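Undergrad: could you look at this predicted model? Sequence included:
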Amino acid sequence: MREPVQIVEMDVDYCSLSYGTGNCTAVLGTTGVRKCYNMFRHCQDQENFDKTTLTLRFAQPRANMPMDQVYFPCLDVATPRSSTVNIGGADNRFDALGKRATVTVRLNDFAYDDFVLDKYQPQRVSGVAQTDEGGYNPRDRGTFFRKLKTRWPYYAGRSLRVIDAYIEDGTLVQAKTRHFVMTEMAMDDSGRVTISGKDVLNLAENKRATCPAQSTGVLVLPISDSATTATLTPAGIGDLEYPANGKVAIGSEIVTFTRSGDVMTLTRGQNNTAATSHNESDAVQLCYEVNRARLDDTVRGLLVDYAGIDAAFIPMTDWQAEVTRWASGLELSTLIPKPEGVAGLVGELAVLGVNIWWDDVAQEIRLKMIRPPDGDTVFDVTDDTAIKSAEIEDRDEDRLTRVAFFSAQINPTKSVTSADNFRQQYLYIDLLSESDLQYNGSLTRSIYCRWLNTGDDINVRIAALRLLLRLKDAPQRLKMRLDAKDADIGLTDVLNVNSGVYSDETGAARTQLMQVVSIADHRSGHDFDIVAQNYAYSGQYIYIAPDDAPDYSDATDAEKAAYWYFSDGDNNFPDNRKPYEII
């Protein structure tokens, strides 16, 4: 018989060394009155701290847990995850990166003898591990989590995992692990412990990570509006923080430089800024600049180089394949003169048709262009097989009839949301939607994009027209509760929904193609909730075929789905497939 079980794991930074042995130079009675707890805060030889990982596991009290690990039976519950992807940044209720996946773990604190946490626990009892007092029983002092938090206050950003599984004959089966990073550990006076976690993209949040990084160099002396050299202070900061050449912002002026030591040779008034005089101690801020860069490379650089996210979380091969197939002609060019939040910068790219989110099961940051299904699994979801409940919602506030797209920013030090600071404007209108035969009015969204500063008319048109295609009719949202057997469904997956909430003009149930935008657990191991919105691409779209592709009559279904074939005018193909469309 299978029983559902939930396990929470956290990874604690732990020193592999033993006190006063080998590379550890601590000496009891000299560097401290008691041996350390192998955690950094109370380390007496921090230069030689050798960080490894101690994994702590917590489960609900039960008699049949597997015997291969130590499970502390203090878990109350790990609350449902909840994550939302904002398709193309179109939902104004969320920022462009959507809503981060979160988890809240509730545990009960308990008296503990420190046997797992403290390598020198027997010596605390005997008194050998301390010089300021004799032996004592650690169980009589404090509680598990209070001692842990005191010894390890640096938990933020460390790994937290929630495992949903079943126990069968004393063994865990069908285990699904979701990965988070810890953000908070709170305790009350009743012994309740609450640990909060967010997904890895939390590391890119605006208050945590900026691009460019804050520069600390300043002018040692004033410079005039015609000066061609400048010296940085404090001494040595040039080699520490600035490359041999690049661009810096001094006040509202962008300057190109080459550098030797702390001395910069300057080319003044770049990027449509004016050369002006600057005062002693004015900040010299290194700029971030990309020029005709690929989308995948740019996003990876922001997340890894500026947010400090581990590159192992980014499946770069998958990203490259996605961008090469669906955005090969998209080239990003911009200059960011002063520190801005990484999440905000990545989110700005959503309007170009990219979705980025954390897959907490695969432990990957996913990237997917807004596009038709392209070899993706399309999940069949019906009232009979999966849907426990369903509710439909029209979001007319998200509907658009016009898109005004501003590109080619003039001055990077001025507003990024002012039409006056962009050279190019394109206005796209769906006249039929605005006519009295349909919605009889106009709804406009203005997009200010500083990432297409070379003009790039083609990609402007693509981004604007795809946005208008998706939102010219009110987006429909379907809230569904699904059985746990369908838990392989993830964010941005495409569903083929057949439900009584959708009907054709006769009232009969019809099939609707939808895309998952939100997921939240309802009862772990039993069911979960999703929100899906109607999918913009339900037709058959073109992709230019290679020279050796077969004729339509000889093509496989996979080749017909992947490549572009011509039909006779507006007629269907001989097998009744509809003609292809251009998006």
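TA: Thanks, I have the structure now.
Undergrad: so what's Thr216 up against?
TA: Contact partners of Thr216, counting by CB atoms under 8 Å, 6 or more residues apart in numbering, are Pro234, Ile237, Glu241. Placement of C-beta: from N, CA and C, glycine included.
Undergrad: got a winner among those residues for most neighbours?
TA: When neighbours are taken as other CB atoms under 10 Å, the top entry among the contacts of Thr216 is Ile237 (17 neighbours).
Undergrad: for that one, which non-adjacent residue is spatially closest?
TA: Leaving aside its sequence neighbours, Ile237 sits nearest to Gly217 (CB to CB, 6 or more residues apart in numbering; 4.4 Å).
Undergrad: so how far is Ser260 from the one you found?
TA: Distance, Gly217 to Ser260, by CB to CB, to the nearest Å: 14 Å.
Undergrad: same check on Lys485?
TA: Relative to Ser260, Lys485 is positioned 66 Å away (CB to CB).
Undergrad: Glu397 too?
TA: Counting by CB to CB, the gap from Glu397 to Ser260 is 57 Å.
Undergrad: need the contact list for Arg366.
TA: By CB under 8 Å, 6+ apart, Arg366 lies in contact with Pro315, Asp318, Asn355, Ile356, Trp357, Trp358, Asp359, Leu491, Thr492.
Undergrad: and the fourth one, which of the three is it?
TA: To tie it back to what came earlier, the one meant is Ile356. strand (DSSP: H, G, I helix; E, B strand; the rest coil).
Undergrad: all helices of the stretch 1-150 of the chain, in order?
TA: Along the stretch 1-150 of the chain, counting by DSSP state H, counting those that start in this stretch, helices occupy 121-126, 144-151.
Undergrad: then the stretch 351-500 of the chain?
TA: In the stretch 351-500 of the chain, the helices defined using DSSP H, counting those that start in this stretch lie at 431-434, 457-471.
Undergrad: surely Leu513 is in a helix?
TA: No. Secondary structure of Leu513 (three-state DSSP): strand, not part of a helix.
Undergrad: at which residues are the strands of the stretch 51-200 of the chain located?
TA: Per DSSP state E, counting those that start in this stretch, the stretch 51-200 of the chain carries strands over the ranges 51-59, 75-78, 82-84, 102-108, 159-168, 171-187, 192-198.
Undergrad: extract the CA atoms of the second one and return them as CSV.
TA: What that stands for is strand 75-78. What follows is strand 75-78 as a C-alpha-only set of coordinates in CSV (Å, rounded to 0.1, in the frame of the first residue of the first chain):
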residue,chain,number,x,y,z
LEU,A,75,7.4,18.8,9.9
ASP,A,76,3.9,20.2,10.0
VAL,A,77,3.4,21.0,6.3
ALA,A,78,5.1,22.6,3.3
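Undergrad: quick one: mean pLDDT for it?
TA: Computed over strand 75-78, the mean pLDDT rounds to 91.
Undergrad: right, and Val85 touches Val517 too?
TA: Yes. Val85 is within contact range of Val517, at 5.6 Å (criterion: CB atoms under 8 Å).
Undergrad: now do the shared contacts for those two.
TA: Gly98, Leu491, Thr492.
Undergrad: got the contact list for the residue lying closest to the second one once chain neighbours are set aside?
TA: What that stands for is Leu491. Excluding its sequence neighbours, the residue lying closest to Leu491 (CB to CB, 6+ apart) is Val85, at 4.8 Å. By CB under 8 Å, 6+ apart, the residues touching Val85 are Gly98, Asn355, Trp357, Leu491, Thr492, Val517, Ser518.
Undergrad: give me that answer again for 7 Å
TA: Gly98, Asn355, Trp357, Leu491, Thr492, Val517 (CB atoms under 7 Å, 6 or more residues apart in numbering).
Undergrad: for it, give me the pLDDT.
TA: At Val85, the pLDDT value in this model is 81.
Undergrad: what do you get for Ile370?
TA: At Ile370, the model reports a pLDDT of 85.
Undergrad: check Asp493 too.
TA: At Asp493, the model reports a pLDDT of 91.
Undergrad: then the one 4 residues further on?
TA: For Val497, the pLDDT comes out at 90.
Undergrad: now swap in Ile314 and tell me
TA: The model's pLDDT for Ile314 equals 95.
Undergrad: that one contacts Leu302, correct?
TA: No. Using CB atoms under 7 Å, Ile314 makes no contact with Leu302, being 11.0 Å away.
Undergrad: who are the contact partners of Arg34?
TA: Counting by CB under 7 Å, 6+ apart, the residues that Arg34 touches are Ala129, Gln130, Asp132.
Undergrad: give me that answer again for 8 Å
TA: When contacts are counted by CB under 8 Å, 6+ apart, Arg34 is found next to Leu28, Ala129, Gln130, Thr131, Asp132.
Undergrad: how about the contacts made by the third one?
TA: Gln130 makes contacts with Leu28, Val33, Arg34, Lys35, Arg124, as judged by CB under 8 Å, 6+ apart.
Undergrad: cool, and the first one?
TA: Counting by CB under 8 Å, 6+ apart, Leu28 touches Tyr19, Gly20, Arg34, Lys35, Ala129, Gln130, Thr131.
Undergrad: what does the last one give?
TA: In this structure, Asp132 makes contact with Val33, Arg34, judged by CB under 8 Å, 6+ apart.
Undergrad: Leu452 is in contact with Phe406, isn't it?
TA: No. Here Leu452 lies out of contact with Phe406, judged by CB under 8 Å, at a distance of 9.7 Å.
Undergrad: re earlier: out of the helices of the stretch 1-150 of the chain, which is closest to Phe379?
TA: With respect to Phe379, and counting by CB to CB, the nearest of the helices of the stretch 1-150 of the chain is helix 144-151 at 40.7 Å.
Undergrad: want to throw the contacts of Arg366 into a markdown table with distance to Gly375 and neighbour count?
TA: Listed next are those as a markdown table, based on distance: CB to CB, whole Å; neighbours: other CB atoms under 10 Å:
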| residue | distance to Gly375 | neighbour count |
| --- | --- | --- |
| Pro315 | 16 | 17 |
| Asp318 | 12 | 14 |
| Asn355 | 17 | 23 |
| Ile356 | 20 | 23 |
| Trp357 | 19 | 24 |
| Trp358 | 22 | 28 |
| Asp359 | 17 | 20 |
| Leu491 | 18 | 23 |
| Thr492 | 14 | 16 |
